[in-house]
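Asker: Would you be able to build a 3D model of this:
(2 chains)
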Amino acid sequence: MKNVTDSFVSLGHWPSAGSFGFNTDILATNLINLSVVLGVLVFFGKGVLSDLLDNRKQRILNTIRNSEELRGGAIEQLEKARTRLRKVEMEADQFRVNGYSEIERERLNFINSTSKTLKQLENYKNETINFEQQRAINQVRQLVFQQALQGALGTLSSCLNNELHLRTIRANIGMLGAITD
Amino acid sequence: MNVLSCSINKLNGLYDISGVEVGQHFYWKIGGFQVHGQVLITSWVVIAILLGSATLAVRNPQTIPTSGQNFFEYVLEFIRDVSKTQIGEEYGPWVPFIGTMFLFIFVSNWSGALLPWKIIQLPHGELAAPTNDINTTVALALLTSVAYFYAGISKKGLGYFGKYIQPTPILLPINILEDFTKPLSLSFRLFGNILADELVVVVLVSLVPLVVPIPVMFLGLFTSGIQALIFATLAAAYIGESMEGHH
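Answerer: Here you go, the predicted model:
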């Protein structure tokens, strides 16, 4: 009791002047209460705080994992798209090469057929020219022949008298007879 | 005789207890100014705690935060939340200010409630939470005033002062008065709460040294946290209010 009272009393002795020092009075410095408060705070606060922080950490982990997954998926898709692109490019190359050769072949074919047609046309032309020449020659021949015949007919009708007529007929009959023989 | 001396002692003690005084300060003289040394000392301790723990926490940053970093990131998230709800979309540049306010006040208050400052005796006065002194709280409140003026003027230029005659010019005196009452209420609220808190604890301890002060100390912890939150929230709200506009 005395002890408590003493401490109670000494509580009142505030250092009014002096220098820095340590107050060793446990009750006056409120050490016990402070440690109790601190202990309770740590005891209960620790659980709450660690729960809170664990939740936060878990959330962050989840977010990171999600984004990792998304990133993995995106990379996979990119890879897939790349392989497809490669395949398509290869196909396109093939098509291009094929197309070139096809075109070349087509060209050659076309040139061949054209030259063939050209040759045929040339032939036709030549034939036509020949034909025309022939025809012209024939016409000229016919004309000359007709004129000769007319000339002969004129000569015949101008200087044909009875005797000559008879002679001619005879000659002709002879000729015809020679032909029938 | 013994009893008499004892009772005299007791009376003496009671007299001394009734002399538990506020306003005893440990004065330092710095260039013609008298400063409260005990406040500076505890402020330095608080600043050291904050800087030290922050440095420790961010010394080795990880992608997946470990305990210390996790805690500090949580605190930062909390402060960002507070600023975002109060200021709005452009809360980014003000997070450091709000965070400084909140963390300094919070750690000050809790250091006053949790650290055994009284172990160290000063030649005059006693160590307590820095926010126990009106100079600290007034300084913080004035910083808030400067901050919201700066926020408003940098956002809207001189058009900021147009809000004084909103919604009607009749309210001009009240609006001007508000600029004075804001820091006043901020500083006095914080100062009063913390001082009252610590006084209640001191008085209770001087009356019943054990067990009885403990609930009050818990109440003090609660109030301290709330006061820090209120101060930060109000500062953010003032900044947001001066920045919001009807363009």
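Asker: Every contact and neighbour count from this point should use C-alpha atoms.
Answerer: OK.
Asker: what's the pLDDT at residue 39?
Answerer: Picking chain A for this. In this model, A:G39 is scored at 91, pLDDT.
Asker: wrong chain, I was asking about chain B
Answerer: Per-residue pLDDT puts B:V39 at 87.
Asker: Likewise for the one 5 residues further on?
Answerer: What the model reports for B:W44 is a pLDDT of 92.
Asker: Give me the secondary structure label for it.
Answerer: helix (DSSP: H, G, I helix; E, B strand; the rest coil).
Asker: what does the one 5 residues further on give?
Answerer: When states are read from three-state DSSP, the local structure at B:I49 comes out as helix.
Asker: Tally up the residues packed near it, please.
Answerer: The burial count assigned to B:I49 is 16, neighbours taken as other Cα atoms under 10 Å in any protein chain shown.
Asker: Chain A: helices as residue ranges?
Answerer: A:2-10, A:31-158, A:162-180 (DSSP state H).
Asker: Identify the residue spatially nearest to B:P65, adjacent ones excluded.
Answerer: A:K57 (6.9 Å; Cα to Cα, 6 or more residues apart in numbering or on different chains).
Asker: Could you pull up the residues touching the one you found?
Answerer: By Cα atoms under 8 Å, 6 or more residues apart in numbering or on different chains, the residues touching A:K57 are B:64-65, B:70.
Asker: Hmm, B:W28 is touching B:V35, no?
Answerer: Yes: between B:W28 and B:V35 there is a contact at 5.2 Å, judged by Cα atoms under 8 Å.
Asker: Centre-most residue in the chain?
Answerer: Looking at chain A here, since you left the chain open. Central residue of chain A (Cα atoms, centre = their mean): A:A92, 6.7 Å from the mean position.
Asker: try again with chain B
Answerer: By Cα atoms, centre = their mean, chain B has its centre lying nearest to B:I105, at 3.6 Å.
Asker: That one: helix or strand, and which one exactly?
Answerer: Per DSSP states H and E: B:I105 is located in helix B:95-114.
Asker: and what of B:K29?
Answerer: Using DSSP H and E, B:K29 maps to strand B:27-30.
Asker: Tell me which of the helices of chain A sits most buried.
Answerer: helix A:2-10 (a mean of 15; mean count of other Cα atoms under 10 Å in any protein chain shown).
Asker: follow-up on the earlier one: make JSON lines from the helices of chain A and add distance to B:N132 to it.
Answerer: Shown next, in JSON lines, are the helices of chain A (distance: least, Cα to Cα, whole Å):
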{"stretch": "helix A:2-10", "distance to B:N132": "25"}
{"stretch": "helix A:31-158", "distance to B:N132": "18"}
{"stretch": "helix A:162-180", "distance to B:N132": "166"}
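Asker: quick one, helices of chain B?
Answerer: Secondary structure of chain B by DSSP H: the helices cover B:2-18, B:37-58, B:67-87, B:95-114, B:134-156, B:172-207, B:213-243.
Asker: now for the fifth one, which elements pack on it?
Answerer: For helix B:134-156, the contact count by 3 or more Cα pairs under 8 Å, 6 or more residues apart in numbering or on different chains; DSSP states H and E identifies helix B:172-207, helix B:213-243 as packing neighbours.
Asker: Could you say which one of the ones you listed comes nearest to chain A?
Answerer: Ranking the helices and strands packed on helix B:134-156 by proximity to chain A (Cα to the nearest Cα) places helix B:213-243 first, at 6.0 Å.
Asker: where's the closest one relative to the chain centroid, distance-wise?
Answerer: For helix B:213-243, the separation from the chain centroid amounts to 8 Å (computed by Cα atoms, centre = their mean, to the nearest Å).
Asker: what about that helix, near chain A?
Answerer: Yes: interface with chain A: helix B:213-243 contributes B:213-214, B:217-218 (Cα under 8 Å from any Cα of the partner chain).
Asker: Give me the PyMOL select line for the residues you listed, limited to the buried ones.
Answerer: Here is the PyMOL selection string for the buried members of these, based on 16 or more other Cα atoms under 10 Å in any protein chain shown:
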select buried, chain B and resi 213+214+217+218
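Asker: Which one of the residues of helix B:213-243 next to chain A is nearest to A:E163?
Answerer: Nearest to A:E163 out of these is B:F218 (Cα to Cα; 178.1 Å).
Asker: Run a quick neighbour tally on B:N109.
Answerer: Neighbourhood size, B:N109 [other Cα under 10 Å]: 31.
Asker: contacting residues around it?
Answerer: With contacts defined as Cα under 8 Å, 6+ apart, B:N109 is in contact with B:129-131, B:194, B:221, B:224-225, B:228.
Asker: Most neighbours among those, which one?
Answerer: The most crowded member of the contacts of B:N109, judged by other Cα under 10 Å, is B:T131 (30 neighbours).
Asker: how close does that one get to B:R189?
Answerer: As judged by Cα to Cα, to the nearest Å, B:T131 and B:R189 stand 11 Å apart.
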